[in-house]
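Chemist: Build me a structure from this.
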Amino acid sequence: MKPITANLPCPLWRRLIALVYDLLIVVAIVMVVGLACQLATGGRLIETGAHAVIPLWYQVLQAVVVAAYFIASWRRGGQTLGMRPWRIRVSRDDGGTISLMQAAIRVLVAAAPLLLLALEPAIGLRATLWTVLGAWALWFAVALFDTRRRALHDLAADTELRRMD
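Modeler: Numbering: from 1, shown residues only. Have a look, this model is predicted:
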């Protein structure tokens with residue numbers, strides 16, 4: 001017999017804690033890719049001087065690798081490593097595994113506030129980081145008002161996070 005809480009919408013606090021866990025995984029992934037790229041370029045990956053210059057290909061590579069982690073995790077079992085200890089799973093409305101298109105939409109919409117980093121030359125680093133953080137807060141604040149606790153990227157991809165207690 002399934003517990004009463006099985007497949008209930010995931011509360012916002014639980015998904016944010018799982019996101020912190022995933023942030024640690026993402027940092028590790030970025031570090032490994034960065035090390036591989038530094039070794040491949042003989043330590044000349046990032047040019048420093050008055051202003052650091054990070055090659056566009058490297059930024060795209062990092063984005064693709066991080067996106068692949070999330071998409072592969074959601075497509076295979078519906079959970080990232082950060083979601084597992086908190087027993088939450090991303091799924092379609094009927095509880096099934098999300099499609100590749102849904103996973104791609106979900107990751108693109110979730111990452112969209114990162115586009116605000118382009119504001120850095122105009123408004124400065126501190127203001128830019130606060131702007132990105134504010135945008136993400138709005139992305140997740142939507143879950144406080146949705147009956148199924150879906151954030152903006154869940155609404156866009158027609159997915160939801162469910163508890164597996």
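Chemist: For the rest of this, base every contact and every neighbour count on C-alpha atoms.
Modeler: OK.
Chemist: Next, the buried residues of stretch 73-87.
Modeler: Under the neighbour-count criterion of 16 or more other Cα atoms under 10 Å, stretch 73-87 has 73-75, 78-83, 86-87 buried.
Chemist: Likewise for stretch 133-145?
Modeler: 135-136, 139-143.
Chemist: Which residue lies closest in space to G77, excluding its sequence neighbours?
Modeler: T97 (7.2 Å; Cα to Cα, 6 or more residues apart in numbering).
Chemist: So that neighbour, which state does it fall into?
Modeler: The assignment at T97 comes out as coil when based on DSSP: H, G, I helix; E, B strand; the rest coil.
Chemist: do the one 5 residues further on as well
Modeler: Taking three-state DSSP as the rule, one finds Q102 in the helix state.
Chemist: Could I get the pLDDT score of it?
Modeler: What the model reports as pLDDT for Q102 is 97.
Chemist: Next, count neighbours for it.
Modeler: Using other Cα atoms under 10 Å, Q102 is surrounded by 22 other residues.
Chemist: and the gap between the residue nearest to G77 and F70?
Modeler: According to Cα to Cα, to the nearest Å, T97 stands 14 Å off from F70.
Chemist: need the helix or strand of this protein with the lowest average pLDDT.
Modeler: helix 120-123 (a mean of 90; mean pLDDT, DSSP states H and E).
Chemist: give me the low-pLDDT residue ranges for this structure?
Modeler: Low-confidence segments of the chain (pLDDT under 70): 1-6.
Chemist: can you give me the helices for it?
Modeler: In the chain, the helices defined using DSSP state H lie at 12-40, 56-75, 100-111, 120-123, 125-145, 152-157.
Chemist: Throw these into CSV and include distance to E47, thanks.
Modeler: Formatted as CSV, the helices of the chain follow (distance: least, Cα to Cα, whole Å):
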stretch, distance to E47
helix 12-40, 12
helix 56-75, 12
helix 100-111, 26
helix 120-123, 17
helix 125-145, 19
helix 152-157, 35
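Chemist: picking up where we left off before, now the two most distant members of the buried residues of stretch 73-87.
Modeler: Maximum pairwise distance among the buried residues of stretch 73-87 (Cα to Cα): 18.1 Å, between R75 and W86.
Chemist: quick one: V53 from E47, how far?
Modeler: Distance, V53 to E47, using Cα to Cα: 5 Å.
Chemist: Surely the residue nearest to G77 is in contact with R75?
Modeler: Yes: shown here, T97 and R75 form a contact pair, counting by Cα atoms under 8 Å, at 6.3 Å.
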